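Engineer: Build the 3D model from these lines:
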Amino acid sequence: MTVPGLLVAAPRSSSGKTTVTLALMRALSRRGIAVRGAKCGPDYIDPAFHAAATGYPSFNLDSFAMPEPMLDAVAGLAGTDADLVVAEGSMGLFDGIVAGAGRTGANADIAARYGWPVLLVLDVSGAAQSAAAVALGCSLYDPRIRIAGVVLNKVASPRHRRLVEAGLAKVGLPVLGALMRDAGLTLPERHLGLVQARETSDLDARLDRLADLAEAGLELDAILAAASGATPPRRAGALPHPPGQRIAVASDAAFSFLYPHMAAGWRALGAELVPFSPLADEAPPADCDAAWLPGGYPELHAGRLAQAATFLAGLRAFAREKPVHGECGGYMVLGESLEDADGITHAMAGLLPVATSYRTRKLHLGYRVATLLADGPLGGAGTRLVGHEFHYASERTPAPEEAAALARVTDAEGVALGLAGHRLGRVTGSFFHLIG
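Structural biologist: Residues are numbered from 1 along each chain as shown. Alright, predicted model coming up:
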């Protein structure tokens, strides 16, 4: 069974996509509609909010980082047991890299591939009729997509709304709802985006309030009727392969950035994921055959992690016999030390010869294409992997020699970035988040 969908997108970041997406998901779910979420591009925070709003996992769809068979397989996961898929865009609707048609990583690629109409969110603060020119440009820029309608965000007054709607009527784009300017709608943020869903207080109450606003301010019946297109059938074989058959996965407030399609792919191929909490001083279970430390916020919990003697000793013992891999935050904890925002240096596991610092923050952001230099839990030597970096921490130790590096990397356009990550014995890690 194929499932129709909608893409909630905007001309630029910070327009209110997440607010509208969550409001729509929760409101339709309360009506008994089986809504499933998706997120365009590399984002490991918003899908957790989608899951909280709908009660079901939300999956990332990335036209650059995922090979086409994997992209379709993940879209099939998103449509499983669903009446409707609501996908949330990232950045602007057409923002991506310079690449072949349909492979730019832009939201528009996803809408075009699956025939999902776009619900365009316009932040109209500081504009009136001119907002229509922006919307018209979005509707004409890419003939592959269709704008189903517009949702106005941050409307100042009824008069302001009338002026904006007059401009949109002139260009023939329907208004499918509006949300008034309200600072109370903003979810709390930190340096990598929204505070995680699991840490957001009164999240259910916040989501229900958004749903109430959607019922009052959005044309839900018209939005639902506008959905079209289809998700492909589910195919497990194209999903990511597991690093083991019984995988110990660090999971708590410090380690939470494991992409849902990774976990789903591992399970679909017969692997069992066994969670453990370093913050609760738990070691990876000894009966697992691989350990995975995802990204997250270890820099906010460095003191507790340094004092987690059972976790650190157990991780070291595990690594003597079995493979361990760390992504981003997990990589930082596998290193020798981590300097926090206050300049305090905390001893970490000491399994890789790297020291990291969060004190002097610098944004590292972008797609990465990695070629593995040796066999390991991510694949054999020469394997090409695609993912991204998104962190503010930096390495304080020299770059590794090729004999000790995990991979040679380029950016999305093929510009060489040198060697990345470390490998020592059975332990590997890097700031690179694997997607496809």
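
Engineer: Quick one: neighbours of the nearest residue to Ala290 once chain neighbours are set aside, just the number.
Structural biologist: Once flanking residues are discounted, Ala290 sits nearest to Gly244: 3.1 Å by CB to CB, 6 or more residues apart in numbering. Where you see a C-beta, it was placed from the backbone N, CA and C, and this is true even at glycine. Here the number of neighbours of Gly244 (other CB atoms under 10 Å) works out to 17.

Engineer: what about Gly244, distance to Leu273?
Structural biologist: Separation of Gly244 from Leu273 (CB to CB, to the nearest Å): 10 Å.

Engineer: cool, and Asp83?
Structural biologist: Relative to Leu273, Asp83 is positioned 28 Å away (criterion: CB to CB).

Engineer: repeat for Ala349
Structural biologist: 21 Å.

Engineer: What of Arg26?
Structural biologist: Separation of Arg26 from Leu273 (CB to CB): 28 Å.

Engineer: higher neighbour count, the two?
Structural biologist: Counted by other CB under 10 Å, Arg26 and Leu273 do not tie: Arg26 has more neighbours, with 27 against 17.

Engineer: Wasn't the more buried one part of a helix?
Structural biologist: Yes - the assignment for Arg26 (DSSP: H, G, I helix; E, B strand; the rest coil) places it in a helix.

Engineer: and it, what pLDDT?
Structural biologist: Here, the pLDDT recorded for Arg26 equals 97.

Engineer: just the strands in the stretch 201-350 of the chain please.
Structural biologist: 246-250, 272-276, 290-293, 324-327, 337-339, 345-347 (DSSP state E, counting those that start in this stretch).

Engineer: Any idea which of those gets closest to Gly149?
Structural biologist: Closest of the strands of the stretch 201-350 of the chain to Gly149 is strand 324-327, at 38.7 Å (criterion: CB to CB).

Engineer: Please name the bridge partners of Ala87.
Structural biologist: Beta-bridge partners for Ala87, by DSSP bridges, are Leu7, Ala38.

Engineer: and it, how many residues sit next to it?
Structural biologist: Ala87 has 29 nearby residues by other CB under 10 Å.

Engineer: contacting residues for Phe255?
Structural biologist: Pro278, Leu293, Pro294, Gly295, Gly296, Pro298, Gly329, Gly330 (CB atoms under 8 Å, 6 or more residues apart in numbering).

Engineer: Just the closest of the residues you listed to Asp342, please.
Structural biologist: Set against Asp342, the nearest of these by CB to CB is Pro298 (14.7 Å).

Engineer: Could you break the chain into its assigned domains?
Structural biologist: Per automatic domain parsing, the domain ranges recorded for the chain read 5-226, 239-434.

Engineer: roughly how far out does the last one sit from the chain middle?
Structural biologist: Think domain 239-434. 17 Å (CA atoms, centre = their mean, to the nearest Å).

Engineer: Numbering from 314 from now on, please.
Structural biologist: New numbering, starting at 314: the last item is domain 552-747.

Engineer: What pLDDT does the model give the residue of the chain most remote from its centre?
Structural biologist: No residue in the chain sits farther from the centre than Arg472, which is 37.4 Å out by CA atoms, centre = their mean. On the pLDDT scale, Arg472 is placed at 97.

Engineer: From Ala441, how far off is it?
Structural biologist: Taking CB to CB, one finds Arg472 at 9 Å from Ala441.

Engineer: so how far is the first residue of stretch 424-431 from its last?
Structural biologist: End-to-end span of stretch 424-431 (CA to CA, to the nearest Å): 7 Å.

Engineer: Give me the residues contacting that stretch.
Structural biologist: 317-322, 376, 384, 388, 398, 400, 406, 415, 421, 423, 451, 455, 457-461, 539-545.

Engineer: can I assume Ala576 is in contact with Ala584?
Structural biologist: No - Ala576 is beyond contact range of Ala584, at 9.0 Å (criterion: CB atoms under 8 Å).

Engineer: Look at the closest residue to Ala596 other than its chain neighbours and say how many residues are nearby.
Structural biologist: Closest residue to Ala596 apart from its sequence neighbours, by CB to CB, 6+ apart: Gly627 at 2.1 Å. Neighbours of Gly627 under the rule other CB under 10 Å: 21.

Engineer: doesn't Ala713 fall inside a helix?
Structural biologist: No Ala there; residue 713 is Pro. No - under three-state DSSP, Pro713 sits outside any helix and is assigned coil.

Engineer: Touching, it and Thr741? I think so.
Structural biologist: No - using CB under 8 Å, Pro713 is not in contact with Thr741, being 11.4 Å away.

Engineer: Could you check which of those two has the larger neighbour count?
Structural biologist: For Pro713 versus Thr741, the count of surrounding residues by other CB under 10 Å is larger for Thr741: 27 against 21.
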